[in-house]
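S.K.: Sharing a model prediction with you, sequence too.
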Amino acid sequence: MFGIGAKDLGIDLGTANTLVYIKGKGVVLREPSVVAFQTDTKQIVAVGNDAKNMIGRTPGNVIALRPMKDGVIADYETTAKMMKYFINQAYKKTGFGRKPYVMVCVPSGITAVEERAVKDATRQAGARDAYTIEEPFAAAIGADLPVWEPTGSMVVDIGGGTTEVAIISLGGIVTSQSIRVAGDEMDEAIISYIRKNYNLMIGDRTAETIKMEIGSAGMPEGIDSMEIRGRDLVTGLPKTIEITAEEVAKALHDTVYAIIEAVKMTLEKTPPELAADIMDRGIVLTGGGALLRNLDKVISEETNMPVLIAENPLDCVAIGTGKALDNIDVFKNRPKDLR
Ligand SMILES: Nc1ncnc2c1ncn2[C@@H]1O[C@H](COP(=O)(O)OP(=O)(O)OP(=O)(O)O)[C@@H](O)[C@H]1O
């Protein structure tokens with residue numbers, strides 16, 4: 001063994017949020033994966049929540065960006081700095097010890113080059129050594145599914161950049177799909193709907209708020225609406241409009257159905273014995289996207305399967321990544337094609 005102790009970390013390095021889990025302490029850090037820095041000196045001005053508040057509001061010499069895109073590292077240097085900051089913050093809250101072993105979750109469709117970039121960034125951020133676990137596998141462990149048993153479990157993890165669908169049995173992924181359609185794509189669909197129908201330009205944060213407050217999969221039951229502000233593309237001036245939940249559902253339709261399609265395709269490739277287990281146990285939704293109103297209902301209608309939302313959908317991957325440290329040998333020795 002490698003002396004895995006209470007201070008080792010599990011990191012859900014997400015497109016939207018980064019979570020750090022410490023064994024015995026749970027999720028100790030939960031911050032947006034955003035970094036703000038000076039454009040000329042590249043000096044970091046803010047990370048996490050503070051940086052997210054700056055998105056779309058920075059002066060010319062500062063930019064706030066998300067170094068992860070579609071679930072993978074788009075900006076290597078900034079990601080490494082962000083991880084270093086988060087690891088330090090987590091340690092400040094829990095006390096310093098020796099350098100930690102770190103397990104990081106990665107999308108199941110990641111290439112070998114991208115996986116190496118994640119490990120290198122983790123080591124550069126101060127890890128003694130780094131291991132990776134596929135996101136849907138971590139999500140299933142975090143959702144307390146019986147992943148090590150000879151029974152089929154199905155998890156659909158809908159994050160910011162990627163939706164991961166996987167069937168798991170006996171400690172391995174039997175079949176999976178990873179699509180780069182998830183929460184961010186929903187926000188973009190809302191932005192484009194409002195631009196097309198109202199000639200109004202809104203920011204990413206406004207779109208996300210609309211999605212969380214009145215967004216739904218399928219047609220909403222109530223008649224919710226909300227006032228939103230943006231810039232009129234004709235006059236160039238600020239303007240307020242009212243948008244209904246029904247319009248937002250229309251805007252989200254294609255994204256929601258892309259996710260449903262991925263679920264169906266995975267089910268089609270599932271061996272019959274495992275499909276029967278899933279029929280009994282149900283499909284489990286994790287990730288922030290699982291919180292989109294009625295998504296569980298629509299997936300259930302479209303697949304004729306029971307669908308459940310995990311208890312803490314936003315924390316599942318981080319919890320599972322951390323818990324996977326208990327079985328570090330499995331992750332160290334497993335050949336790539338069995339992972
Ligand atoms: N109540 C809600 N309704 C709809 N979407 C939500 C809600 N709460 C959070 N989300 C969305 O969930 C997404 C973030 O989820 P999560 O933190 O699981 O992703 P991530 O792990 O950072 O991303 P990825 O797995 O793609 O790397 C964001 O797109 C966010 O807008």
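M.R.: Cool, got the structure.
S.K.: any weak-confidence spans in the stretch 51-200 of the chain?
M.R.: Low-confidence segments of the stretch 51-200 of the chain (pLDDT under 70): 94-97.
S.K.: residue closest to the middle of this protein?
M.R.: residue 159 (2.9 Å; Cα atoms, centre = their mean).
S.K.: didn't it look like it was pressed against residue 135?
M.R.: Yes: under the criterion of Cβ atoms under 8 Å, residue 159 makes contact with residue 135 at 7.5 Å. (Glycine included, C-beta is placed from N, CA and C.)
S.K.: Pull up the overlap in contacts between those two.
M.R.: Contact criterion Cβ atoms under 8 Å, 6 or more residues apart in numbering; residues shared by residue 159 and residue 135: 71, 317.
S.K.: does residue 102 count as helix, strand or coil?
M.R.: Classification of residue 102 using DSSP: H, G, I helix; E, B strand; the rest coil returns strand.
S.K.: how much space is there between the nearest residue to it once chain neighbours are set aside and residue 204?
M.R.: Distances taken as Cβ to Cβ, 6 or more residues apart in numbering put residue 127 closest to residue 102, at 4.0 Å, once the chain neighbours are dropped. Distance, residue 127 to residue 204, by Cβ to Cβ, to the nearest Å: 31 Å.
S.K.: more neighbours, the two?
M.R.: residue 127 (23 against 16; other Cβ atoms under 10 Å).
S.K.: List the residues that contact the residue of the stretch 201-339 of the chain found nearest the ligand.
M.R.: Here the residue of the stretch 201-339 of the chain nearest the ligand is residue 288; by Cβ to the nearest ligand atom that distance is 2.1 Å. Neighbouring residues of residue 288 by Cβ under 8 Å, 6+ apart: 16, 17, 158, 159, 160, 183, 313, 314.
S.K.: that older thread, dihedrals phi and psi, the nearest residue to the residue nearest to the centre of the chain once chain neighbours are set aside?
M.R.: The shortest distance from residue 159 to any non-neighbouring residue, by Cβ to Cβ, 6+ apart, is to residue 287 (4.5 Å). Phi and psi for residue 287, reported as degrees, to the nearest 10, are phi 80, psi 160.
S.K.: quick one: the helix ranked longest in the chain to chain centroid distance?
M.R.: Longest helix in the chain by number of residues (criterion: DSSP state H): helix 245-268. Centre-to-centre, helix 245-268 and its host chain are 17 Å apart (Cα atoms, centre = their mean, to the nearest Å).
S.K.: do it and the ligand meet?
M.R.: No: judged by Cβ under 6 Å from any ligand atom, helix 245-268 stays clear of the ligand, getting no closer than 9.6 Å.
S.K.: what's that helix packed up against?
M.R.: The contact analysis (3 or more Cβ pairs under 8 Å, 6 or more residues apart in numbering; DSSP states H and E) places helix 245-268 against strand 153-158, strand 163-169, strand 172-179, helix 183-198, helix 204-214, helix 295-303.
S.K.: Now find how far off-centre the next helix or strand after that helix is within its chain.
M.R.: For helix 245-268, the following helix or strand on the C-terminal side (DSSP states H and E) is helix 272-281. Put simply, helix 272-281 sits 26 Å off its chain's centre (Cα atoms, centre = their mean).
S.K.: so who does residue 233 touch?
M.R.: 195, 199, 200, 201.
S.K.: Can you pull the residues of the stretch 51-200 of the chain lying near the ligand?
M.R.: Residues of the stretch 51-200 of the chain lying near the ligand (Cβ under 6 Å from any ligand atom): 71, 135, 159, 160, 161, 162, 182, 183, 184.
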